[in-house]
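Q: Have a look; sequence and predicted model below, questions after that.
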Number of protein chains: 2
Amino acid sequence: MDITFLGTGSAYPSPNRCASSLIFRNEGECWMFDCGEGTQIQLQRSIIRAGRITKVFITHLHGDHLYGLPGFLNTISFGTIEDRDPIELYGPTGLRRYVRTSMDVSRSQLNYPLIINELQITDDMLPEDWEDWQSNYDTVEPQHPSELPGRTIAKDEHGVWNIFENDNILVQAAPLKHRVPTFGYIVTEKEQPGKLDVKRLKELGVPAGPLYGQLKKGESITTSEGAVIKPEDVLGLPRAGRKIAFLWDTCDASLAAPLLQDVDVMVHEATMENEMKEKCVLNGHSTPEMAGEFARSVGAKKLVITHFSQRYKTKDSELKGDEQTTDKLLQQAKDAFQCDNVIAAEDLLTLTIPALR
Amino acid sequence: MDITFLGTGSAYPSPNRCASSLIFRNEGECWMFDCGEGTQIQLQRSIIRAGRITKVFITHLHGDHLYGLPGFLNTISFGTIEDRDPIELYGPTGLRRYVRTSMDVSRSQLNYPLIINELQITDDMLPEDWEDWQSNYDTVEPQHPSELPGRTIAKDEHGVWNIFENDNILVQAAPLKHRVPTFGYIVTEKEQPGKLDVKRLKELGVPAGPLYGQLKKGESITTSEGAVIKPEDVLGLPRAGRKIAFLWDTCDASLAAPLLQDVDVMVHEATMENEMKEKCVLNGHSTPEMAGEFARSVGAKKLVITHFSQRYKTKDSELKGDEQTTDKLLQQAKDAFQCDNVIAAEDLLTLTIPALR
């Protein structure tokens, strides 16, 4: 399980920091979170094989998190993978309109099925200036020829958008306060069965193969010699699942707190230093202190800050005048988190998330 | 007068070649032609001051020529220029729908007036597969709050779209054959008045100032001593205007030929080498031979080839295996043009276009 940061800059892409995007990989799955302009260029620079990506989650429809998506969807289609899996998109109401319009005006042909799922926004997520200027999120554009029907995912009775679940993983979303409707995504790995004691299995005369699978699933088996072997005889302790949160633009993530208790890795924006809090919050963003305090309040084990104003240079930059790197933001986040387990993301950094035991 | 190439790659942007875009500068004016994804990153790497750009011309709505536009329009607005001139966009029918939708879903606020002008496409420009899949170019989206009304520019009786004209310059468009409705843009500088003979003017007792301007405009003046001075007494020979053509994606530009006679600089795509002509034309593109022969047929003085398949590496690349640079394409274009006055564009190359005399 790892995370590769493709873009860690806020507002717009620069040669030093691309706009927001990251890749989450787990058990052969490869998912993208946000897709700002230039993401496909960063993918070419990274260790990620773009053709492996099957899901893209969009936090909100600001351009620096979205405008790379049509180009990415096109370029994937130039690849030579035949019969590839569909690409599934997830994002707030309005995503369907944006993707369909972009693909329609450019007459983009796709060699894979595209599924656009929308997380239905609620009235309390609408921006403060909504009465002055209403976006036409709900306009229904004709479906793209390569599209398969997508879902519209509504809030459940606990205030959670349940997006996706399989044997291994659960993906949920919760609203974050920002200038436009915004979601944070929480990925929860399910409890994993313990490891098989292969040495003991050999002693018991169980051949490698389907019987191993049955034991892992918790079923007893009978050997060819008639002995019954129970899972607890040969399985180690189950391994707790990991929980990862992807929280981008927000000045207040507290509505997501119930889903975030004891999160193992929290990716959280920290756009500007503490001293610029007023401007930062006015723009709907967080300081490192806000990110650190919030991470601490939910018992996060590790915090990764990202989405830095382009004023902050990368670690290796030659600084001129009063220019600064993200080191200042990192220290401010550590101070508020009251723990050193914080890192400042950089473009193309890959962070491995080890199994819990 | 100069041209700065921001992106010279076809199909998608890569770390070596960005998607299509160039900047044309003349007499303090700064115009963009096409705006593929990543253009704003290239602008930051270039000598161009992005805030100076006042017009953007889009040849066609394929993503690699278009998808950088919403991000560029947003980022310009982060600049601190107040009371800046409007930005005027020009492009085929459908441009308005794309820009309005992109700006609306992302709730992009602009600190300048935006004017979207459309070049009305004609039925004979529609793609061959139009009956199977009709793009909704004509869908009318609500105007953006920062928009001023734009024009819809129709074909005139000579088959020309007359876009813009001032004292100094004329911009026209003509259709090019490609897979979607596509225009080539032709910029024609008007004949420039000759230089004033300042030494002679001083001898005649004419003070620097408004009288100089009157003479340059071709008007006679009377000095304070009562002498009448005619323009031809103090003006050098007029200087012929330069003609520049921006022709991107096409497999046949012959409909534009009447506007291109004796063009001084023709920018023309050359996506793949001559040996790949079949594939190239199938995709609606040209080989260097096609570009060279066409340039020669209209008496072009200089040819600049661009829009290279990403398979062709930049000049300084370390080549592996059978990789090639654009040198091969350049030689093929020269052979067909029957003249060495050809260059292969590279990202961030600036080409100066000297005055004719």
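A: Arrived safely, thanks for sending.

Q: Enumerate every residue touching the closest residue to residue A:121 other than its chain neighbours.
A: Once flanking residues are discounted, residue A:121 sits nearest to residue A:181: 4.2 Å by Cβ to Cβ, 6 or more residues apart in numbering or on different chains. For the C-beta atoms, the positions are set from N, CA and C on the backbone; glycine is no exception. Contacts here follow Cβ atoms under 8 Å, 6 or more residues apart in numbering or on different chains; on that basis residue A:181 touches A:60-61, A:92-94, A:121, A:125-127, A:175.

Q: are any of the residues you listed buried, and which?
A: Taking 16 or more other Cβ atoms under 10 Å in any protein chain shown as the criterion, what is buried in the contacts of residue A:181 is A:60-61, A:92-94, A:121, A:125, A:127, A:175.

Q: can I get these in a markdown table with secondary structure and pLDDT?
A: Shown next, in a markdown table, are the buried ones among the contacts of residue A:181 (DSSP: H, G, I helix; E, B strand; the rest coil; pLDDT from 0 to 100):
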| residue | secondary structure | pLDDT |
| --- | --- | --- |
| A:60 | coil | 98 |
| A:61 | coil | 98 |
| A:92 | strand | 98 |
| A:93 | coil | 98 |
| A:94 | coil | 98 |
| A:121 | coil | 98 |
| A:125 | helix | 97 |
| A:127 | coil | 93 |
| A:175 | strand | 98 |
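
Q: what bridges to the closest residue in space to residue A:351 that isn't next to it in sequence?
A: Spatial nearest neighbour of residue A:351, chain neighbours left out: residue A:3 (4.8 Å); criterion: Cβ to Cβ, 6+ apart. Following DSSP bridges, residue A:3 is listed with bridge partners residue A:24, residue A:351.

Q: To what extent is residue A:3 buried, counted in neighbours?
A: 21 (other Cβ atoms under 10 Å in any protein chain shown).

Q: my guess is it contacts residue A:23, does it?
A: Yes. The criterion here is Cβ atoms under 8 Å, and residue A:3 meets it with residue A:23 at 7.0 Å.

Q: Show me where the stretch 1-150 of chain A has its strands.
A: Under the criterion DSSP state E, counting those that start in this stretch, strands of the stretch 1-150 of chain A are mapped to A:2-7, A:21-26, A:29-35, A:55-57, A:87-92, A:114-119, A:147-148.

Q: Which strands and helices lie in contact with the fifth one?
A: What it means is strand A:87-92. Helices and strands touching strand A:87-92, by 3 or more Cβ pairs under 8 Å, 6 or more residues apart in numbering or on different chains; DSSP states H and E, are strand A:55-57, helix A:69-78, strand A:114-119, strand A:182-189.

Q: what would these look like in TSV with mean pLDDT?
A: Converted to TSV, the helices and strands packed on strand A:87-92 look like this (pLDDT from 0 to 100):
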stretch	mean pLDDT
strand A:55-57	98
helix A:69-78	95
strand A:114-119	98
strand A:182-189	98
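
Q: looking at these, which is closest to residue A:39?
A: Nearest of the helices and strands packed on strand A:87-92 to residue A:39, taken as Cβ to Cβ: helix A:69-78 at 5.9 Å.

Q: Identify each buried residue in the closest one, please.
A: Neighbour-count burial for helix A:69-78 [16+ other Cβ under 10 Å]: A:69-77.

Q: likewise stretch A:192-200?
A: Buried residues in stretch A:192-200 (16+ other Cβ under 10 Å): A:192-194, A:196.

Q: Per-residue pLDDT of the nearest residue to residue A:262 once chain neighbours are set aside, please?
A: Nearest residue to residue A:262, sequence neighbours excluded (Cβ to Cβ, 6+ apart): residue A:299, at 4.7 Å. As predicted, residue A:299 sits at a pLDDT of 98.

Q: And for residue A:81?
A: The model's pLDDT for residue A:81 equals 66.

Q: which intervals of the stretch 1-150 of chain A have sub-threshold pLDDT?
A: By pLDDT under 70, the low-scoring segments of the stretch 1-150 of chain A are A:80-82.

Q: Can you pull the phi/psi pair for the residue nearest to residue A:229 when sequence neighbours are not counted?
A: Nearest residue to residue A:229, sequence neighbours excluded (Cβ to Cβ, 6+ apart): residue A:221, at 5.4 Å. Dihedral pair for residue A:221: phi -130, psi 160, per degrees, to the nearest 10.

Q: Report how many residues lie close to residue A:221.
A: Residue A:221 - counted by other Cβ under 10 Å - has 18 other residues nearby.

Q: Surely residue A:220 is in contact with residue A:232?
A: No. Between residue A:220 and residue A:232 there is no contact under Cβ under 8 Å: 9.4 Å.

Q: if I look at residue A:186, how far off is residue A:339?
A: 21 Å (Cβ to Cβ, to the nearest Å).

Q: ok, now residue A:58?
A: 30 Å.

Q: More neighbours: which of these two?
A: Counted by other Cβ under 10 Å, residue A:58 and residue A:339 do not tie: residue A:58 has more neighbours, with 28 against 16.

Q: Not counting residues beside it along the chain, what's closest to the more buried one?
A: Residue A:58 sits nearest to residue A:91 (Cβ to Cβ, 6+ apart), 3.2 Å away.

Q: residue contacts, the one you found?
A: Residue A:91 neighbours (Cβ under 8 Å, 6+ apart): A:57-61, A:66, A:117-119, A:183.

Q: and which of those residues is nearest to residue A:264?
A: residue A:57 (18.2 Å).

Q: Just list whatever residues bridge to the closest one.
A: residue A:33, residue A:90.

Q: count of neighbours near it?
A: 24.

Q: ok, it touching residue A:185?
A: Yes. Contact between residue A:57 and residue A:185 holds when scored by Cβ under 8 Å: they sit 5.3 Å apart.

Q: joint contacts of those two?
A: A:33, A:163, A:171, A:246.

Q: Quick check: the last one vs chain B, distance?
A: Distance of residue A:246 to chain B, computed by Cβ to the nearest Cβ, to the nearest Å: 19 Å.

Q: Could you check which helix or strand contains that residue?
A: Per DSSP states H and E: residue A:246 is located in strand A:243-247.

Q: got the angle for that strand vs strand A:29-35?
A: Strand A:243-247 and strand A:29-35 are oriented at 20 degrees to each other (axes from the mean of the first three to the mean of the last three Cα atoms, to 10 degrees).

Q: Quickly note the distance from residue A:23 to residue A:183.
A: Going from residue A:23 to residue A:183 by Cβ to Cβ gives 18 Å.

Q: ranges for the helices of chain A?
A: A:39-45, A:63-66, A:69-78, A:95-105, A:198-203, A:210-216, A:231-234, A:277-282, A:288-297, A:327-337 (DSSP state H).

Q: Columns distance to residue A:15 on top of those helices, output as TSV?
A: Below are those laid out as TSV (distance: least, Cβ to Cβ, whole Å):
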stretch	distance to residue A:15
helix A:39-45	11
helix A:63-66	15
helix A:69-78	18
helix A:95-105	25
helix A:198-203	51
helix A:210-216	48
helix A:231-234	55
helix A:277-282	24
helix A:288-297	24
helix A:327-337	20
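
Q: Deepest-packed of the ones you listed, please.
A: helix A:63-66 (a mean of 28; mean count of other Cβ atoms under 10 Å in any protein chain shown).

Q: and that one, what other elements does it pack with?
A: For helix A:63-66, the packing partners by 3+ Cβ pairs under 8 Å, 6+ apart are strand A:29-35, helix B:69-78.

Q: any chance of those in a markdown table, plus distance to residue B:266?
A: Shown next, in a markdown table, are the helices and strands packed on helix A:63-66 (distance: least, Cβ to Cβ, whole Å):
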| stretch | distance to residue B:266 |
| --- | --- |
| strand A:29-35 | 36 |
| helix B:69-78 | 24 |
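
Q: and of those, who's closest to residue A:14?
A: Residue A:14 lies closest, by Cβ to Cβ, to one member of those: helix B:69-78, at 9.6 Å.

Q: Let's see the closest one as CSV, backbone CA atoms only.
A: Backbone C-alpha positions of helix B:69-78 (Å, rounded to 0.1, in the frame of the first residue of the first chain) are rendered in CSV as follows:
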residue,chain,number,x,y,z
LEU,B,69,-7.7,27.2,-21.7
PRO,B,70,-9.8,27.1,-18.5
GLY,B,71,-6.8,26.9,-16.3
PHE,B,72,-5.0,29.7,-18.1
LEU,B,73,-8.1,31.9,-17.8
ASN,B,74,-8.2,31.2,-14.1
THR,B,75,-4.6,31.7,-13.4
ILE,B,76,-4.5,35.1,-15.3
SER,B,77,-7.1,36.2,-12.8
PHE,B,78,-4.8,35.5,-9.8
